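Q: attaching a predicted model along with its sequence, questions to come.
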4 protein chains.
Amino acid sequence: MWLRASYELHFDITFPTPFILMLRPRSGAQQWIAREEYALSPQLHVDEFSDLFGNLCQRLVAPVGPFSIRTQVEVLTIDAVDRCPGAEFVEIQNLPYGVLNYLLPSRYCEAEQFNHMAQEITAGQTLGYDQVACIEAWLRRNISYEPGSGDLPVSAVGVNINQVGVCRDLSHLGIALCRALSIPARLVVGYLEGLVPMDMHAWFEAYVGDRWYTFDATPTTSPGGYIAIGYGRDAADVAVFNQFGPPAYPLSQMVHVEQFTPE
Amino acid sequence: MWLRASYELHFDITFPTPFILMLRPRSGAQQWIAREEYALSPQLHVDEFSDLFGNLCQRLVAPVGPFSIRTQVEVLTIDAVDRCPGAEFVEIQNLPYGVLNYLLPSRYCEAEQFNHMAQEITAGQTLGYDQVACIEAWLRRNISYEPGSGDLPVSAVGVNINQVGVCRDLSHLGIALCRALSIPARLVVGYLEGLVPMDMHAWFEAYVGDRWYTFDATPTTSPGGYIAIGYGRDAADVAVFNQFGPPAYPLSQMVHVEQFTPE
Amino acid sequence: MWLRASYELHFDITFPTPFILMLRPRSGAQQWIAREEYALSPQLHVDEFSDLFGNLCQRLVAPVGPFSIRTQVEVLTIDAVDRCPGAEFVEIQNLPYGVLNYLLPSRYCEAEQFNHMAQEITAGQTLGYDQVACIEAWLRRNISYEPGSGDLPVSAVGVNINQVGVCRDLSHLGIALCRALSIPARLVVGYLEGLVPMDMHAWFEAYVGDRWYTFDATPTTSPGGYIAIGYGRDAADVAVFNQFGPPAYPLSQMVHVEQFTPE
Amino acid sequence: MWLRASYELHFDITFPTPFILMLRPRSGAQQWIAREEYALSPQLHVDEFSDLFGNLCQRLVAPVGPFSIRTQVEVLTIDAVDRCPGAEFVEIQNLPYGVLNYLLPSRYCEAEQFNHMAQEITAGQTLGYDQVACIEAWLRRNISYEPGSGDLPVSAVGVNINQVGVCRDLSHLGIALCRALSIPARLVVGYLEGLVPMDMHAWFEAYVGDRWYTFDATPTTSPGGYIAIGYGRDAADVAVFNQFGPPAYPLSQMVHVEQFTPE
């Protein structure tokens, strides 16, 4: 499926403000970036670097005045994410080294608090993919998805208490439950075609069998149409923008995703 | 200063148990590993790898029965850690890329909660080293250091409420306060000569001027004698042992550190 | 300076052929990628990864039949590359770790053969930038630049014997001479506005003072207009396409670079 | 097999000389470092870092006067290296990213020169392990192993002309032949128990099936007893010592390897 996705951010900066943006998606096994635009207004000096997780990050200092970011990508992505019921749990000693880090508790995924609950939810399931699918189903049944209900990330413990959250929060609980079962899990931030209301989206991936699989705790009925922008342990690692110093809130944000047919 | 440090861990394993150990200190600018021993009993197959932060980690599966780990190092370390009052705050745009990651909130350092408090504690201080020294002094005055008071790590928020903690917990609060000021900070786990009661120790480092500086929120009067074993965002990243599956608690742990004169 | 650069490659594949391409320039301190297109025909599955040097590489298997690659970028690049006469030689012990690798001899830069010659060419120069500038000037005076004179890379030793070469070959000799003076040097492949005849270009960078500086041994009069696509030790590391199995030569290649004014 | 290996190097330094040493072997799947000593005389400030290939390197500046390095390790290593006739050739598109770099030509392994010869030597062999075993056997039959015949590394092309070389040189030819067949190959420097005359040793590894396998072109009859110190593309990457500035030759070098029984 070919998708065209765009993201616009407008600020009114009152104090020179350092930003770290994560708005340049990378091509990977699941997506091919065929076209990309990244416009800053005013045009500024930018440093770009890869973070610990391989994401391309842009560092800049926004000057006083109006400041806008406009990005657009055209991406070939899979029509339906791979599903693999029965894919096996990978023993700790057989996991690739680069994946081990996703077993640890992190800022918004207090995995060590969920041992009992994760066992209970997945009781009777085959170890591996089926446990994660069971967690995803449990989240859909038990945690209300309320888009726009929160600006700040909520941690797994908080989501479990509130029984409600945005996509990012639900993913945090999903990730914490997976890690409590010694299944590596990570947060993905990106676009999802057909999301209502349209916004940046977040979902999670779990490592079972011999690769990462996509899971989404929100009540989406979309089999595919995902574009990943960044990967990390949780929302602390994959903010699409991080801003330092006195807070600068966007005046407006616009997200747009549509299918198209390449020439 | 030449130090000989040893660490012993004894388990009685009832179920084959994967471990990830972090018990092989690396030489660096502040310490030179002149001799090292690392004995497992029984001898097992071990994989060793570098984690995201450059720490050497050992992965193994402990079989059922008694299982012991004995490590010993002889290290040349600095007599007194470098202090540098006045070392300047580094603007975000000038930080080395590899350091930016230590600005983010993490499992036990909810930095985003401490903006106001960090400003208050450090009011009037020159930005940079002096702010961190002020935080260190504040911790010593306000948070009781109670060695052995807790087996599980406590997060910065918890420590601030409890007003008490072990070395690791105090460091978590110190790190969160630094990050709230946009100063990169990280946890260090290792040995400290003269610590009473002797145990594994934890302290923190902050990046100001153009390098990492050592800080210790515990009431130590030791100007030096530190041996770093591992670095990370917080205790989640630098457990000297991480164990997976049903919990296996050590029957005993012994830490010993002494000065010696090399032949 | 805003540049629009494009590169087209056409093959007629007679046997399924694995390729590793390096055709996605990254933003960095010297250039900002504002727009990028990368089209494959037919559209194939592609894996993208970062190599040892941080370059984005695309791996694919071209099927039998016509196969085309078309890339285009719009880049903001500096009008004139930074020059810094007097920038000092950096002692080995003070070089950043990531730079040390560029001191070693490599496939096409047999640095260890050039100690005497490098000393002779740069006799009397201040250590550092001035030595490299002197090498660049020597290359322009002594080695004929003959675009299109060779398809295969020629090593520094060969170029020194032949006294002639393409941009890549001249750079190999420049790099070998720098490394013989313990100055880190690396090859850059990319676009240069105004190059006659237009083609992919190669130049080199040397690390002096506290950063990489651009040098170009070809008789270009262009003060700037460079777009870097890849970095490496020499041409072995930065082929824009590497192909495995029976050789597949491009039927045609087109390079186009022009200035433009963004809307 | 438990081995105790030691290496001593003595210099008389006439000019302050930067060194980069690679003398701290790492534990891995094939070896466990149980005890290690690393003594410098005089004791100096040392920086330690990981290079591009994961080797631990030590950087220091040796002052004027006598300078000695003494290292000793006690290692549990496999009794016999794994052999796996029939292990399959891995298609380029299925190789792990980290391995691709070992397909490229390098300073002493001009792989691109050996396409025809590699095909000829391995004609009729099953693709993969059997090709490499065939190359190893060919080297033993056709290239004379003359320990001590050369201080400077000789490249694959040179070795093929000379028909003679030290272990490192023979490995260079073996590696170049493997890469010419699109089989990743790398040089290993380390100890070998029972080597006559005793010295530092070099051998090579090829990636077939799903891992690296050990090959040794020298007429050793030893099924095992290898301790790896460093890995790289060729001898340029894995010098146990690299020295900068006016040459400083060791007055003496001593290598000793023996089996022992741990207490």
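A: Here it is on my side, so go on.
Q: I figured A:Asp12 hits A:Pro66, correct?
A: Yes: contact criterion CB atoms under 8 Å: A:Asp12 and A:Pro66 qualify, at 5.8 Å. For the C-beta atoms, the positions are set from N, CA and C on the backbone; glycine is no exception.
Q: got a list of what the residue in the stretch 151-263 of chain A that chain D sits nearest to touches?
A: Distance from chain D to each residue of the stretch 151-263 of chain A (CB to the nearest CB) is smallest for A:Asp210, at 11.2 Å. Taking CB atoms under 8 Å, 6 or more residues apart in numbering or on different chains, we find A:Asp210 in contact with A:Val90.
Q: same thing but at 10 Å, please
A: A:Asp210 makes contacts with A:Ala87, A:Glu88, A:Val90, A:Asn94, A:Leu95, A:Pro96, as judged by CB atoms under 10 Å, 6 or more residues apart in numbering or on different chains.
Q: gap between it and chain B?
A: 17 Å (CB to the nearest CB, to the nearest Å).
Q: with A:Gln259 instead?
A: In this view, A:Gln259 and chain B are 35 Å apart by CB to the nearest CB.
Q: again with A:Leu52
A: 5 Å.
Q: local confidence estimate at that residue?
A: Here, the pLDDT recorded for A:Leu52 equals 95.
Q: which secondary structure state is assigned to it?
A: With DSSP: H, G, I helix; E, B strand; the rest coil as the basis, A:Leu52 sits in coil.
Q: please apply the same query to A:Asp82.
A: A:Asp82 ends up coil, using three-state DSSP.
Q: near chain B, which residues of the stretch 1-150 of chain A are found?
A: A:16-20, A:45-53, A:57, A:59-61, A:91-98, A:100-101, A:103-112, A:115 (CB under 10 Å from any CB of the partner chain).
Q: just the buried ones from those, in PyMOL syntax?
A: To isolate the buried members of the residues of the stretch 1-150 of chain A next to chain B in PyMOL, using 16 or more other CB atoms under 10 Å in any protein chain shown:
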select buried, chain A and resi 17+18+19+20+46+48+49+51+52+53+57+59+60+61+92+95+100+101+103+104+105+106+107+108+109+110+111+115
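Q: helices - which of the residues of the stretch 1-150 of chain A next to chain B land there?
A: Judged by DSSP state H, the subset of these located in helices is A:Tyr97, A:Gly98, A:Leu100, A:Asn115.
Q: got a markdown table for these, with pLDDT and distance to A:Phe204 too?
A: Below are these laid out as a markdown table (pLDDT from 0 to 100; distance: CB to CB, whole Å):
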| residue | pLDDT | distance to A:Phe204 |
| --- | --- | --- |
| A:Tyr97 | 96 | 21 |
| A:Gly98 | 95 | 17 |
| A:Leu100 | 97 | 17 |
| A:Asn115 | 96 | 19 |
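Q: can you give me the distance of the residue nearest to A:Trp32 when sequence neighbours are not counted to A:Tyr231?
A: Spatial nearest neighbour of A:Trp32, chain neighbours left out: A:Leu76 (4.4 Å); criterion: CB to CB, 6 or more residues apart in numbering or on different chains. Per CB to CB, to the nearest Å, A:Leu76 is found 19 Å from A:Tyr231.
Q: and these two? Which one has more around it.
A: Per other CB atoms under 10 Å in any protein chain shown, whichever of A:Leu76 and A:Tyr231 has more neighbours is A:Tyr231, with 22 against 19.
Q: confirm the more buried one sits in a strand?
A: Yes: counting by three-state DSSP, A:Tyr231 is part of a strand.
Q: the nearest residue to A:Gly128 once chain neighbours are set aside - how many residues pack around it?
A: Sequence neighbours aside, A:Phe89 is the residue nearest to A:Gly128 in space, at 3.8 Å (criterion: CB to CB, 6+ apart). Using other CB under 10 Å, A:Phe89 has 19 neighbouring residues.
Q: contacting residues for A:Phe89?
A: With the criterion set at CB under 10 Å, 6+ apart, A:Phe89 makes contact with A:126-132, A:181-183, A:207-209.
Q: again, 7 Å this time
A: For A:Phe89, the contact set (CB atoms under 7 Å, 6 or more residues apart in numbering or on different chains) comprises A:Leu127, A:Gly128, A:Ile183, A:Val208.
Q: and the pLDDT at it?
A: 98.
Q: measure A:Gly190 to C:Glu36 for me?
A: Going from A:Gly190 to C:Glu36 by CB to CB gives 18 Å.
Q: please apply the same query to A:Leu21.
A: Using CB to CB, A:Leu21 is found at 17 Å from C:Glu36.
Q: excluding its backbone neighbours, what's nearest A:Met22?
A: Nearest to A:Met22 is A:Gly230, by CB to CB, 6+ apart, at 4.6 Å.
Q: does the one you found touch A:Ala239 like I think?
A: No: when contacts are counted by CB atoms under 7 Å, A:Gly230 is not listed as touching A:Ala239 (8.4 Å).
Q: these two: which has the busier surroundings?
A: Higher neighbour count among A:Gly230 and A:Ala239: A:Gly230, with 24 against 16, using other CB under 10 Å.
Q: quick one: contacts of the helix or strand harbouring A:Ala133?
A: Assigned by DSSP states H and E, A:Ala133 falls within helix A:129-142. Outside helix A:129-142, the residues that touch it by CB under 7 Å, 6+ apart are A:84-87, A:121-122, A:125, A:163, A:170, A:173-174, A:177-178, A:181, A:183, A:206, A:208-209, A:213, A:215, A:217, A:219.
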